[in-house]
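>>> Sequence plus predicted model, see below.
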Amino acid sequence: MLGVMLGASRSIRRCWALPSTSISSTRLVSTTPSSKSENSGSLTSYEQLKKSFWPADRPHIRRKVVAVGGLIVCSKLANTAVPLIFREIINYFNTPLDVEHIPQLVILSGTTVASWVLIYGAARALSPSLNEYKNTLFSVVAQSNIRTVSQRTYDHLLELDLSFHQSRKTGQLSRVIDRGTRGADSILRALVVNIVPTLLELCLVFGVLWASVGFEYTAICGLTTASYIAFTYNVTVWRTKFRKQMNKADNEIGFKSFDTMINYETVKYFNNEKFEGANYSKLLAAFEQGSLKTQSSLSLLNSGQQIIITAGITASMYLAVQQILSGNMSVGDLVMINLLLIQVAQPLNFLGSIYREIQQSHTDMRKLNDLLSNRPSLQECSDAVTAAAPCRGDIVFNNVSFGYSPDKMILRDLSFTVPSGKTVAIVGGSGSGKSTIVRLLYRFYDPLKGGISIGGVPLNVLQLDDYRRNVGVVPQDCVLFNDNVRYNIQYGNTAATQEDIIRAAKLADIHEAIEAFPDGYDTLVGERGQMLSGGEKQRIALARAVLKDAPILLYDEATSSLDSLTEHNILEALNTVSAGKTSIFIAHRLSTIMDADEILVLANGSIAERGTHKQLLSDPNSMYSDMWNQQMSTE
Ligand SMILES: Nc1ncnc2c1ncn2[C@@H]1O[C@H](COP(=O)(O)OP(=O)(O)OP(=O)(O)O)[C@@H](O)[C@H]1O
């Protein structure tokens, strides 16, 4: 304990040096939704791509990337060889025969042509085979990258602050993650499957044309490609707005249906099916419009591309025909030119969509990167101390002031102590800041002013994860995982045995109810636990807090959904569970906190009254007496 205290006092100087009377601007920053730190580790898209494609820590992935590069070159060489071989075959049939040596020539030509045909077949087969092998190898690189980015994002999201998650729409967040993780993959795939092979093929075709039929053909091919790219680029930029409109509507449709289905019961309670239907219809109409414009502009793009390509092919053939007529070129050359141009045109056809996909993926990667560059505002100091010993001491709130935004203070100069092993109850009107005290104590936020200490150690000097392990919370809003009852209870201690789970369930007075469920502990609870009643959910939340077996217990309206009899049973059980533990009870129903060692009455963010149940009732004009009398008369 002494060691902990000494370590803590050193850390206090480093981590908690703020005067308790001033509202420090750094503190204000630390409680706003997760901030982006200056050194947030934000990567440029290039750095992200490099990290994905050429990871320093995974040499086997680098070897695969090199192999993919080699396969691209071999596949394109084989592909470009096909028209050249075809030219040789055609030219053999166009060579005039020497009538004096017909038999030998026929045999010789037959053998040679047959060989060329076999080579032609081999080249044709080789190119797609190498291509497919390249795709298989590349999938290893891509999947490894998707896995790494997804894991990093998932871990990062769980590290971010509560304020971050409260300020984001879950549906949109999952879209950012989904698209962002696939963004790098899409760009790499576009590079490996389309851009690099096409550029290589263009270079090879330009070279072959120049070397075998002359510069004019290279010039025509180059001009056609340049016009094609310029046209595709401009039309794609112009039509991007239609696509954005379509995507925006698509996102909103997804979000709307998600939100409506989550609020299904509310829609029904207010008979708002038609209202929701009309809202949905507006979004569908926007999607329809965007989609039609996207389609018509795509048709324009496709026809323009075809016209440019056809013009290039026609010009080369026209030139070739002139040269054949003047005896400067063979029919084989004409066929070769035609095949080369058609071969190059095929991958170019996808250029528009590839360009757009790269643009979109770039945006998606940037959004994901922004998300990853969010840093939790609650940082642990480098020499934070372990929490087990301090958590067995007193909880002290010392002049704590806090607001979710600095212009609206929720708690003002709050000071109280929960002595070790004792129970303090907090009561007060709705919105007076009771749950906020729990959030501060669980260190979801830091106070703007003043400080909280546990066992004499400032809260922000304790190792956060270790500290939270020592605090059991039954929150006001009990949300369950969409799994079975056992999973939800065991969540309090993932190493708990079936006996531990049953013991906790019995303490929370839910065991018998679970046994009566069709599948007992294997019964599924539905999304957010909606297949259970409010009281059942609350008791499962209680059972898992019991299973956590922490020395500090925070109950935020833990029994508000229960009937009086169940509540009475649970309170008795909780007294056993809480024995020797430091507990804070938040409750509206005063009959549940009568036995607390001290009761704090919160009003306007400050403690208006404090004392035991008896002491508070002894003043007939106290707020507590008012609340008590009102509740008693109602009950
Ligand atoms: N994440 C948040 N961001 C901004 N304001 C918030 C946030 N959470 C709560 N508040 C506001 O803080 C005030 C105190 O909320 P808190 O939940 O602590 O009240 P409470 O006393 O527990 O109320 P109740 O008894 O109704 O549960 C309320 O005015 C609430 O609107």
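That came through fine.

>>> Output the below-cut-off pLDDT ranges for the stretch 501-635 of the chain.
Judged by pLDDT under 70, the stretch 501-635 of the chain has its weakly predicted residues at 561-562, 635.

>>> And the stretch 1-150 of the chain, by the same measure?
Judged against pLDDT under 70, the low-scoring parts of the stretch 1-150 of the chain cover residues 1-46, 94-111.

>>> Which residue ranges make up the domains of this protein?
Following automatic domain parsing, the chain resolves into domains at 56-373, 385-470+552-560+581-635, 476-549.

>>> and the first one, how far apart are its ends?
End-to-end distance of domain 56-373 (Cα to Cα, to the nearest Å): 21 Å.

>>> Check whether it comes near the ligand.
Yes. Domain 56-373 is in contact with the ligand by Cβ under 6 Å from any ligand atom, via residue 166. Every C-beta, even on glycine, is put in place using the N, C-alpha and C of the backbone.

>>> Likewise for stretch 403-417?
Yes. Counting by Cβ under 6 Å from any ligand atom, the ligand has neighbours in stretch 403-417: 404, 410.

>>> ditto for stretch 584-595
No. No part of stretch 584-595 sits near the ligand under the criterion Cβ under 6 Å from any ligand atom; the closest distance found is 6.6 Å.

>>> And the contacts of that stretch?
Stretch 584-595 has contacts (Cβ atoms under 8 Å, 6 or more residues apart in numbering) with 395, 418, 423-427, 434-435, 437-438, 441, 476, 553-560, 567, 571, 575, 596, 599, 613, 624, 627-628, 631, 635.

>>> ok so, going back, output the domains of the chain in CSV, with distance to residue 47 and mean neighbour count appended to each entry.
As requested, the domains of the chain are exported to CSV (distance: least, Cβ to Cβ, whole Å; neighbours: other Cβ atoms under 10 Å):
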stretch, distance to residue 47, mean neighbour count
domain 56-373, 9, 16
domain 385-470+552-560+581-635, 30, 19
domain 476-549, 36, 19
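
>>> just checking, what packs against whichever strand or helix holds residue 370?
Taking DSSP states H and E as the criterion, the element that holds residue 370 is helix 351-373. Counting contacts by 3 or more Cβ pairs under 8 Å, 6 or more residues apart in numbering; DSSP states H and E, the secondary-structure elements packed against helix 351-373 are helix 45-53, helix 102-159, helix 170-189, helix 215-262.

>>> ok, then the element right after that helix?
In the C-terminal direction, the helix or strand that comes right after helix 351-373 (DSSP H and E) is strand 395-402.

>>> That next one pairs with which strands, parallel or anti?
Sheet pairing here is set by DSSP bridges, and for strand 395-402 it gives strand 411-418 (antiparallel), strand 449-454 (antiparallel).

>>> Show the subsequent helix or strand relative to the last one.
Going down the chain from strand 449-454, the next helix or strand is strand 457-458, by DSSP H and E.

>>> Can you read off the pLDDT for the residue lying closest to residue 403 once chain neighbours are set aside?
If the residues on either side of it in the chain are set aside, residue 403 comes closest to residue 409, at 4.1 Å by Cβ to Cβ, 6 or more residues apart in numbering. Listed pLDDT for residue 409 reads 89.

>>> what distance separates the start and the end of stretch 210-217?
Using Cα to Cα, the end-to-end distance of stretch 210-217 comes to 7 Å.

>>> Outside of it itself, which residues are in contact with it?
When contacts are defined by Cβ under 8 Å, 6+ apart, stretch 210-217 is touched by residues 84, 209, 218, 316, 319-320, 329, 333, 336-337.

>>> Filter those residues down to the ones in helices?
Where the contacts of stretch 210-217 overlap with helices, as defined by DSSP state H, the overlap consists of 84, 209, 218, 316, 319-320, 333, 336-337.

>>> what's the farthest-apart pair in those?
With distances taken as Cβ to Cβ, the most widely separated pair in those is 84 and 319, at 18.9 Å.

>>> Could you look up the SS state of the residue lying closest to residue 162 once chain neighbours are set aside?
In space, and not counting its chain neighbours, residue 162 is closest to residue 444: 4.2 Å by Cβ to Cβ, 6+ apart. In terms of secondary structure, residue 444 is coil; the call rests on DSSP: H, G, I helix; E, B strand; the rest coil.

>>> Residue 481 in helix, strand or coil?
Secondary structure assignment for residue 481 (three-state DSSP): coil.

>>> just so I know, which of the strands paired with strand 395-402 lies nearest residue 530?
Closest to residue 530 of the strands paired with strand 395-402 is strand 411-418 (Cβ to Cβ; 32.8 Å).

>>> quick one: contacts of the closest one?
When contacts are taken as Cβ under 8 Å, 6+ apart, the neighbours of strand 411-418 outside the stretch itself are 394-403, 424, 433, 436-437, 440, 447, 449-450, 582-584, 598, 600, 604-607, 610.

>>> returning to that earlier point: with respect to residue 390, which of the helices and strands packed on helix 351-373 lies nearest?
Of all the helices and strands packed on helix 351-373, helix 102-159 sits nearest to residue 390, with 23.1 Å by Cβ to Cβ.

>>> The closest one packs against which elements?
With contacts defined as 3+ Cβ pairs under 8 Å, 6+ apart, the secondary structure elements packing on helix 102-159 are helix 45-53, helix 59-94, helix 170-189, helix 351-373.

>>> Identify whichever of those lies nearest to residue 241.
Nearest to residue 241 among the helices and strands packed on helix 102-159 is helix 351-373 (11.6 Å), distances taken as Cβ to Cβ.

>>> tell me the mean pLDDT over that closest one?
80.

>>> do the same with stretch 162-177
pLDDT averaged over stretch 162-177 equals 75, rounded to a whole number.

>>> What lies in contact with it?
Outside stretch 162-177, the residues within contact range by Cβ under 8 Å, 6+ apart are 31-34, 150, 153-154, 157, 251, 254-255, 258-259, 364, 367-368, 371, 374, 376-377, 404, 439, 444-445.

>>> sorry, back to before: list just the one of the strands paired with strand 395-402 that sits closest to residue 118.
Nearest to residue 118, of all the strands paired with strand 395-402, is strand 449-454, at 82.5 Å by Cβ to Cβ.

>>> In CSV, please show the C-alpha coordinates belonging to the closest one.
Written as CSV, here are the backbone C-alpha positions of strand 449-454 (Å, rounded to 0.1, in the frame of the first residue of the first chain):
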residue,chain,number,x,y,z
LYS,A,449,-12.4,21.2,-12.1
GLY,A,450,-11.5,19.5,-8.8
GLY,A,451,-10.7,15.9,-8.6
ILE,A,452,-11.7,12.4,-7.6
SER,A,453,-9.5,10.1,-5.6
ILE,A,454,-9.7,6.4,-4.7
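
>>> neighbouring contacts of it?
With contacts defined as Cβ under 8 Å, 6+ apart, strand 449-454 is touched by 16, 20-23, 27, 387, 390-391, 393-402, 413-415, 440-441, 458-460, 462, 467, 552.

>>> so how far is the ligand from the nearest residue to residue 91 once chain neighbours are set aside?
For residue 91, the nearest residue in space outside its immediate sequence neighbours is residue 332; the separation is 3.7 Å by Cβ to Cβ, 6+ apart. Counting by Cβ to the nearest ligand atom, to the nearest Å, the gap between residue 332 and the ligand amounts to 76 Å.

>>> same deal with residue 51?
Plainly put, residue 51 is 35 Å away from the ligand if you go by Cβ to the nearest ligand atom.

>>> Pull the number of nearby residues for that residue.
16 (other Cβ atoms under 10 Å).

>>> Could you report the separation of the residue nearest to residue 348 when sequence neighbours are not counted from residue 161?
Distances taken as Cβ to Cβ, 6+ apart put residue 228 closest to residue 348, at 5.7 Å, once the chain neighbours are dropped. Applying Cβ to Cβ, to the nearest Å, the value for residue 228 to residue 161 is 50 Å.
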